[in-house]
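In: prediction below, plus the sequence it came from.
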Amino acid sequence: MQRGTRHTGGHRHQPTCQHMKNCSTESTLCCLYLYELKMLFYLIFSLLATSVKAKDGTIPKLIDVTAADAFIEAAEVVVIGFFENPSEESFGYKEFVEAVEKVKPIPVAVCSDKEAWAKFNIVSDTIALLRKADNHQENLQLSETKKVEADGLARFITMNDIRYITEYNQVTAVGLFQSEVKTHMLLFANRGSADYEVLKDRLRALAPEFVGKFLFVLIHGIKSNEKSLGYFGLTARDLPRIGIYDSNSDMKWLMPEGEISTERVREFCQSFIEGKLKDVKQAGVSDTKTEL
């Protein structure tokens, strides 16, 4: 399957909850709660706005720009099938419906409204994934594909499922490194540890402050990630730790050991943005270029 066109920025609302600005460690979870309330509001509005269902009775149909905006705002990642005629007669539609079953619970809808097409730069039947983590729209233009298969569409969606904090694996690695945001803020953590969920939620709440600057990535301390850990001079016994990887320069740093608080991670990120880490010793011992 050939890749479609890429569009970044311009059409998306900035996905930052205003209450998240300058959150302290103690208020981070409160900020996340307020943000999720906002998302719940958009979700309810989206459900009301998409009351017209597609012909197969399962995929919501976005009837206008307002419905499309509400649908997009309600989640970190959404998929919209822009089909002029959303039916099995349309090339790729049947495979799209089959793929939807494979990528649950990612919100999926279809849209035939031409005003919405214009807003999202759609010129022909297209499957678009829109995400907030890097304010990006990834398009798969069906007219440019020689063959469409449900498994291929599902992989396209899963590969580009980049969130405010994305769990690193072989599939998401492709989308992470294809993003125009080339710097990754890394949480190395052991799943099931006492502070695992707290740290994950804390960084997810912080991530919207750095849209366009960092992708926040969760790397588990498991065997399949030993190479990534070793690149930073870490083992599973050393976790949790925070790191930054800049793929443009192939440089990497670890935040000094200590509490992984919102304030410390924010300051660490700002240190990179301000160029202060260039004079700090890099993490790990390998000088060989290695992909995470």
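Out: Now that the structure is in, tell me what you want to look at. Numbers count the residues shown, from 1 in each chain.
In: could you check how far the residue located most distally from the centre of the chain is from residue 125?
Out: Farthest-out residue of the chain from its mean C-alpha position, per Cα atoms, centre = their mean: residue 89, at 31.9 Å. For residue 89, the distance to residue 125 equals 12 Å [Cβ to Cβ, to the nearest Å]. Just so you know, the C-beta spots here come from the backbone N, C-alpha and C atoms, and that holds for glycine as well.
In: could you do residue 79 as well?
Out: 14 Å.
In: these two: which is more packed in?
Out: More neighbours surround residue 79 than the other of residue 79 and residue 125, with 27 against 22 (other Cβ atoms under 10 Å).
In: contacting residues around the closest residue to residue 181 other than its chain neighbours?
Out: Closest residue in space to residue 181, ignoring its immediate chain neighbours: residue 134 at 4.5 Å, by Cβ to Cβ, 6 or more residues apart in numbering. When contacts are counted by Cβ atoms under 8 Å, 6 or more residues apart in numbering, residue 134 touches 8, 162, 179, 180, 181, 211, 212, 215.
In: any chance of those in TSV, plus distance to residue 67, pLDDT and neighbour count?
Out: Below are the contacts of residue 134 laid out as TSV (distance: Cβ to Cβ, whole Å; pLDDT from 0 to 100; neighbours: other Cβ atoms under 10 Å):
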residue	distance to residue 67	pLDDT	neighbour count
8	23	46	15
162	24	98	25
179	27	97	22
180	28	96	11
181	28	98	19
211	24	97	21
212	26	97	14
215	29	99	26
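In: would you list these in TSV and tack on secondary structure and distance to residue 130?
Out: Listed next are these as TSV, based on DSSP: H, G, I helix; E, B strand; the rest coil; distance: Cβ to Cβ, whole Å:
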residue	secondary structure	distance to residue 130
8	strand	11
162	coil	11
179	coil	13
180	coil	15
181	coil	15
211	coil	13
212	coil	15
215	strand	16
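In: tell me the one of the residues you listed nearest residue 103?
Out: residue 162 (13.7 Å; Cβ to Cβ).
In: relative to residue 221, how far out is the closest one?
Out: 21 Å.
In: next, count neighbours for the nearest residue to residue 248 once chain neighbours are set aside.
Out: Once flanking residues are discounted, residue 248 sits nearest to residue 182: 4.8 Å by Cβ to Cβ, 6+ apart. Residue 182 has 15 neighbours, counted by other Cβ under 10 Å.
In: same deal with residue 281?
Out: Number of residues near residue 281 (other Cβ under 10 Å) recorded here: 7.
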